[in-house]
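Asks: sequence first, then the predicted structure, then my questions.
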Amino acid sequence: MNGAPPDRPPQGIRVFDRRAGRMVREVVLGDRWLRAAYAPPWRSLCRVLFFRRAWASRLLGRYCDSRLSRWKIPRVMVQLGIDPSEFLEPVESFRTFNEFFTRRLRSDARPFDPAPDVFCSPADSRVRVFPRWAGDERLEVKARAYTNEELLGKPGAAAPFAGGPVVVARLCPADYHRFHYPADGRTIEEWDVPGGFDSVNPLALTLRPQVLAENRRRVSLLDLVNFGRTAFVEVGAFGVGAIVRTHTEREFRKMDEKGYFKFGGSTIVLLFEPGRFEPDPDLTARTREGIETRVRAGERLGRAVLTKSGPGPT
């Protein structure tokens, strides 16, 4: 969407559930408060007091880490339709809301294709997939605009990804919030980029075009088998108490856990070199229609571009 954003957020969020094969309506925690915060006359004041400052997200994070937050768990599970049969630990074992929010799942809850040329979703999320994007142009994703250089926050880091595919994976509070490596590989380099704490929910993103390049984020440059150099960008948001790294070794295997987000909506952005990754056509087709596709961690997003002599150019 081009031009000035609307004065008010859209009424509701509809996404395509790939596994169910149909459009579904997303339940938004705090929907009324979110609309009030991002609509006139409170929008500017809320942004200055809450979304550009760390204190509000840190305070919420401390509350979610406290035993006082435990009472919210049953209510949120019902509201968001979360299935406890997938949990590795019983619901009764969670002492705080963040223990529930960062829950682990049973090993069979998120199956994945081990084929080395299959690229798996790193997280439960709603994805938009762009087959090619010039790194010096502004990527517009439902009115949020930023360049690869702005997103990575480091001079020169975006050059290898000019003209390559982009995947934007948005996590909402109903999702499993641990994220994983989408293929075998190794970590080349990592860095943090300071920023604010705006919401990444589409209700708010229509009014804040540059959020993904303005929020606090962590960037990992990965060398993935068959996919080459890939930027894995973890974007924080309002209420995210922390982005926690759990894998500390340089080498990793497909679907090894990389880390997790504490409470709050979050986003992962993946940048690829040109000619290395071919997204699944159903994902790109819905993206062109302005529709997000709901996927689960481990679900296929596309394949490596292989030539007769092996992987694509290095």
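Replies: Great, that's in hand.
Asks: where does the residue most central in space within the chain fall, secondary structure wise?
Replies: Geometric centre of the chain, nearest residue: residue 267, 2.3 Å, by CA atoms, centre = their mean. Assigned by DSSP states H and E, residue 267 belongs to strand 266-272.
Asks: again with residue 248
Replies: Going by DSSP H and E, residue 248 is not in any helix or strand.
Asks: residues in contact with residue 97?
Replies: 63, 64, 69, 70, 72, 73, 76, 263 (CB atoms under 8 Å, 6 or more residues apart in numbering). In short, each C-beta sits where N, CA and C put it, glycine included.
Asks: what's opposite residue 277 in the beta bridge?
Replies: Residues in a beta bridge with residue 277, per DSSP bridges, are residue 304.
Asks: shouldn't it be in contact with residue 300?
Replies: No: between residue 277 and residue 300 there is no contact under CB atoms under 8 Å: 11.8 Å.
Asks: what do those two both touch?
Replies: In contact with both residue 277 and residue 300: residue 119, using CB under 8 Å, 6+ apart.
Asks: these two: who's more crowded?
Replies: residue 277 (28 against 18; other CB atoms under 10 Å).
Asks: buried stuff in the strand or helix carrying residue 220?
Replies: Residue 220 is located in strand 217-224, with elements delineated by DSSP H and E. By 16 or more other CB atoms under 10 Å, the buried positions in strand 217-224 come out as 217, 218, 219, 220, 221, 222, 224.
Asks: so where's the stretch 51-200 of the chain uncertain?
Replies: Applying pLDDT under 70 to the stretch 51-200 of the chain flags residues 51-61, 133-145, 196-200.
Asks: all the strands of it, residue numbers only.
Replies: Assigned by DSSP state E, counting those that start in this stretch, the stretch 51-200 of the chain shows strands spanning 118-120, 125-133, 139-141, 144-146, 164-171, 178-180, 185-193.
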